[in-house]
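# 3D model of this:
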Amino acid sequence: MSQYWSKLLKGSSRRELKHHTTFQLGYGTGPEVVKTLPTAMINSEDFTFANVLKAAWAYVLARHLATNDIVFGSLVHGRSQAGSQDVFGACINIIPYRIIFEQNWTARDLLTAVAAQQLASTPFKSMGGQSIIRNCTNWIKWSFFSSVIIHQNFEHRSLRGRTVDFDSADLSTGDVDDVQVYVISTPGEDGMEILLSFKDQVVPQALAERMASDLSESITRLYTKMGAKLMAPMAPRETYDMLALLPLPEEKRSSVSPTSEQLTTLAKCSADLRTALGAAWCDVLSTQEIPCDNSTESLFDLGGDASSAGQLAAHLQRRSYRVRIEEVVEHPSWFELLLCLSQPQRGVKANE
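Next up, the predicted model:
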């Protein structure tokens, strides 16, 4: 199973909308843009709407990123394996799509490539997205797919205003993630609704609107002009009309180091707290080395990911310390976590 994904993703990159140098959660929803495509415009005997949506999104990303090599995630139901229909509960998973545009491709060529990849990946889609990234790519281990497509075949309640309850989040299904934009399609009375839901502070509203419009126009073009040649995303930038708008640069952050006052506070931390945090730290990172108080390396610098953050919080909760996943993400280094837990309102025993 891993062999298939390793071959597919060999030499790939995450293709971010905005540069990130560490794992970041979105504590609020950024721009959300909705486009509705009339049912009469999205009829095809050869390709499903899900495949057209993926092809159109790959094309939009290729042009905005000025590259011919695109990777994004897609939500799958995960019940294609034998016996999976007897499994109780959700089996959803996020798997990658990688589209490498070729010179002189037509719209039909792009759609055929997407459909072929969907068919080829079907036997392997039970492997978790996090496992694929960690074991089948050379991406940074905390990475998620920057964009994820969710296609629904039935009318459903609106997913706008997406928020995450970190206390009840299921790390295995991507509830806690670093996805920068979800592209969600839902059939409705007036046609197919396409929602682009961006993570907070990833792209400005104007760029979100432009990407949504480009996606809508690309879907229409794929349906109506399947024989037309695509504008080559791999051509030199000066030869085509859409500039490379992505990825946006990351805001520069000053390095976080403990002050002398903080080091004094840390020196007074209880032995029980140090033991609890040390055991959790070593377990989730599979190490025997506990950092010193002035260490600035974060959980993510050392190979941790969202699952590691959740496991660390769970370790401490079992020791009756009050800490949530987002606190681990906000304070990812040893000294920051120790300082956070030493504060009365956060680090006291839950039964006191």
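# any idea how far stretch 216-225 is from the chain center?
26 Å (Cα atoms, centre = their mean, to the nearest Å).
# same question for stretch 195-209.
Using Cα atoms, centre = their mean, the mean C-alpha position of stretch 195-209 is found 15 Å from that of the whole chain.
# buried residues in that stretch, which are they?
By 16 or more other Cβ atoms under 10 Å, the buried positions in stretch 195-209 come out as Leu195, Leu196, Ser197, Phe198, Lys199, Val202, Val203, Leu207, Ala208. C-beta here means a position set from N, CA and C on the backbone, and glycine is covered the same way.
# give me the element Asp109 is part of.
Using DSSP states H and E, Asp109 sits within helix 107-121.
# and if you look at Ile70?
With DSSP H and E as the test, Ile70 turns up in strand 69-76.
# what pairs with that strand, parallel or antiparallel?
Strands adjacent to strand 69-76 in the sheet, as given by DSSP bridges, are strand 93-100 (antiparallel), strand 147-151 (parallel).
# can you lay out those strands as CSV showing mean neighbour count, mean pLDDT and distance to Pro332?
Listed next are these as CSV, based on neighbours: other Cβ atoms under 10 Å; pLDDT from 0 to 100; distance: least, Cβ to Cβ, whole Å:
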stretch, mean neighbour count, mean pLDDT, distance to Pro332
strand 93-100, 21, 95, 23
strand 147-151, 22, 95, 23
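# element containing Leu215, please.
Assigned by DSSP H and E, Leu215 belongs to helix 205-224.
# buried ones in that helix?
By 16+ other Cβ under 10 Å, the buried positions in helix 205-224 come out as 207-208, 210-212, 214-216, 218-220, 222-223.
# for that helix, which outside residues touch it?
The contact list for helix 205-224 (Cβ atoms under 8 Å, 6 or more residues apart in numbering) reads 30-35, 37, 41-44, 52-53, 55-57, 59-60, 63-64, 107, 110-111, 183, 194, 196, 198, 203, 228, 245.
# let's go with 6 Å and repeat that
Applying Cβ atoms under 6 Å, 6 or more residues apart in numbering, the external contacts of helix 205-224 come out as Pro31, Val33, Lys35, Ile42, Val52, Ala55, Ala56, Tyr59, Val60, Ala107, Leu196, Phe198.
# just the ones in helices from the residues you listed, please.
Judged by DSSP state H, helices contain the following of those: Val52, Ala55, Ala56, Tyr59, Val60, Ala107.
# just the buried ones from those residues?
Listed as buried from these are Val52, Ala55, Ala56, Tyr59, Val60, Ala107; burial here means 16+ other Cβ under 10 Å.
# adding distance to Ser320, write these out as a markdown table.
Output for these, formatted as a markdown table (distance: Cβ to Cβ, whole Å):
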| residue | distance to Ser320 |
| --- | --- |
| Val52 | 52 |
| Ala55 | 51 |
| Ala56 | 51 |
| Tyr59 | 52 |
| Val60 | 49 |
| Ala107 | 59 |
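# nearest to Ala279, of these?
If you rank those by distance to Ala279 using Cβ to Cβ, Val60 comes first, at 46.6 Å.
# the inter-axis angle of the strand holding Ile70 versus helix 107-121?
Here strand 69-76 runs at an angle of 60 degrees relative to helix 107-121 (axes from the mean of the first three to the mean of the last three Cα atoms, to 10 degrees).
# show residues contacting strand 69-76.
12, 15, 58, 61-62, 92-100, 125, 145, 147-150.
# average pLDDT for the one helix or strand Leu277 maps to, rounded please.
Take DSSP H and E as the rule and Leu277 turns out to sit in helix 271-285. For helix 271-285, mean pLDDT is 95.
# who are the packing partners of the helix or strand just after that helix?
Once the chain leaves helix 271-285, the next helix or strand it forms, by DSSP H and E, is helix 306-318. Applying 3 or more Cβ pairs under 6 Å, 6 or more residues apart in numbering; DSSP states H and E, one finds that helix 306-318 makes contact with helix 271-285, helix 325-330.
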